[in-house]
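Undergrad: build me a structure from this.
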Amino acid sequence: IIMLQSSFILSLCGLIHVSNTIIYNKWQLDDIYTEHFLSRSIVIYFTASNIMDLLIGLKDYPKYMDPLSTIFHHFFYIFFMIVLLHHHYSTGFLLCFLMEIPTFILSLGTVNRNYRSDLAFGISFLLTRITFNAFLAYKLAIISYHGSIWKVC
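TA: Numbers count the residues shown, from 1 in each chain. Below you'll find the model as predicted:
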């Protein structure tokens, strides 16, 4: 339930931020490599959701806690968010929250089997975590100063 709520909220934030970046900000670096109260709050929320999901999962659902796809994945993102927050680059990471759409679809099917759709999950995974992620890395590489893409990616 934690990831269902979190992925829904973060997917909306990602959709809004990607739309704003494309339509209004026109991929300006100053709008990507920055931080404001709302972006910082959203990244802190994402971090807290990962911590809670990890703790509750380890305590109550240990058989579902795969070492690589769950435990390492959560620790990696917790550490990465701490680094982003330390360097004040949370706004750029909001673009990545579009990739929470597959998590929402997967969580929805886990909470209620009637809403499970492997096809919807697979298509959203392909479009967001592979296609959009590749596009984002490419776009950031084009607009970034030499080497600064790694501030977000």
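Undergrad: residue nearest the middle of this protein, spatially speaking?
TA: Phe97 (3.5 Å; C-alpha atoms, centre = their mean).
Undergrad: where do the helices of this protein begin and end?
TA: 2-20, 29-32, 37-60, 73-87, 90-93, 101-111, 118-124, 133-143 (DSSP state H).
Undergrad: by mean pLDDT, point me to the weakest helix or strand of this structure.
TA: Lowest on mean pLDDT, DSSP states H and E among the helices and strands of the chain sits helix 29-32, with a mean of 82.
Undergrad: separation between the spatially most distant residue from the centre of the chain and Leu108?
TA: Distance from the centre of the chain peaks at Asn114, with 25.4 Å (C-alpha atoms, centre = their mean). For Asn114, the distance to Leu108 equals 10 Å [C-beta to C-beta, to the nearest Å]. Bear in mind the C-beta positions are built from the backbone N, C-alpha and C, glycine included.
Undergrad: tell me where the protein is predicted with low confidence.
TA: 146-153 (pLDDT under 70).
Undergrad: follow-up on the earlier one: closest to Asp66 out of the helices of the chain?
TA: Among the helices of the chain, the nearest to Asp66 by C-beta to C-beta is helix 73-87 (8.6 Å).
Undergrad: residues making contact with that closest one?
TA: Residues from elsewhere that reach helix 73-87, judged by C-beta atoms under 8 Å, 6 or more residues apart in numbering: 40, 43-44, 46-47, 50-51, 53-54, 90, 93, 151-152.
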